[in-house]
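Visitor: give me coordinates for this.
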Amino acid sequence: MKTIAFVFFVLLTLKSFGQVKEANSYYPQKEPWFFLDSVKINKNQMYFNPDKIVRINVVKSDNTNQNSGKVYISSKNPKDFNFITLTDIERTYSKSKSASVLFMIDNKILKDNILTYKIDSDYILAVEVLKATEIESLKSGFSNLKIINIKLKTEENIAKANEIYIRGTDITRIPYN
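Guide: Have a look, this model is predicted:
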């Protein structure tokens, strides 16, 4: 009986504290390569109008030492794209130079290296530039921070831009002359 209990506890301990590796943990997933009209682009350059796309071809890679595949994107007209960097957007839309800039695309903070981002200028709906001093909760701690929010021409953003907001509850009648 003691032997059975001992074997049981040994197996339970091995199960609880043993290392478990998934089948794919030996070969970590790597990012696919992206090609726009046969030119390799970074995944942070994927900000362009999807209506300009004719075809997307995905080629999987069996070689685990390289990338996990290639994505070929063909556009209607390769000359239609005018990619600009975030620093170009800052220079164009911001009047003042600030030491600290926080970039956002569609209200999402960019966490990666901002130097790798490129956006098709035709795909920009609006650019909002705010100083941290204009936001009550950021006034005291971030006086030198500038926030640049880039709104892209997505269906959702275009619909929001076309909405009309009416404030107040009183209706006043304006006489017609």
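Visitor: ok, which stretches of this structure are strands?
Guide: Assigned by DSSP state E, the chain shows strands spanning 33-36, 39-41, 53-59, 70-75, 83-85, 100-105, 108-109, 118-120, 124-131, 145-152.
Visitor: what sits against Asn57?
Guide: Listed by Cβ atoms under 8 Å, 6 or more residues apart in numbering, the contact set of Asn57 reads 71-72, 74. The C-beta positions use only the backbone N, C-alpha and C, and glycine is treated the same way.
Visitor: tabulate the strands of the chain (JSON lines), appending distance to Lys139.
Guide: Output for these, formatted as JSON lines (distance: least, Cβ to Cβ, whole Å):
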{"stretch": "strand 33-36", "distance to Lys139": "41"}
{"stretch": "strand 39-41", "distance to Lys139": "39"}
{"stretch": "strand 53-59", "distance to Lys139": "43"}
{"stretch": "strand 70-75", "distance to Lys139": "44"}
{"stretch": "strand 83-85", "distance to Lys139": "30"}
{"stretch": "strand 100-105", "distance to Lys139": "15"}
{"stretch": "strand 108-109", "distance to Lys139": "19"}
{"stretch": "strand 118-120", "distance to Lys139": "30"}
{"stretch": "strand 124-131", "distance to Lys139": "10"}
{"stretch": "strand 145-152", "distance to Lys139": "10"}
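Visitor: one step back: of the contacts of Asn57, select the buried ones using a ChimeraX command.
Guide: Buried subset of those, written as a ChimeraX selection, criterion 16 or more other Cβ atoms under 10 Å:
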select :71
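Visitor: can I get the contacts of Asn57 in a markdown table with distance to Leu36 and pLDDT?
Guide: Shown next, in a markdown table, are the contacts of Asn57 (distance: Cβ to Cβ, whole Å; pLDDT from 0 to 100):
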| residue | distance to Leu36 | pLDDT |
| --- | --- | --- |
| Val71 | 9 | 89 |
| Tyr72 | 9 | 92 |
| Ser74 | 8 | 92 |
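Visitor: nearest to Val127 among the contacts of Asn57?
Guide: In terms of Cβ to Cβ, no member of those lies closer to Val127 than Val71, at 28.2 Å.
Visitor: Pro32 is in contact with the closest one, correct?
Guide: Yes - Val71 is within contact range of Pro32, at 5.3 Å (criterion: Cβ atoms under 8 Å).
Visitor: now list whatever residues contact both of those two.
Guide: Common neighbours of Val71 and Pro32 (Cβ under 8 Å, 6+ apart) are Val58.
Visitor: what's the weakest-modelled helix or strand in the protein?
Guide: Scoring the helices and strands of the chain by mean pLDDT, DSSP states H and E places helix 2-17 at the bottom, with a mean of 58.
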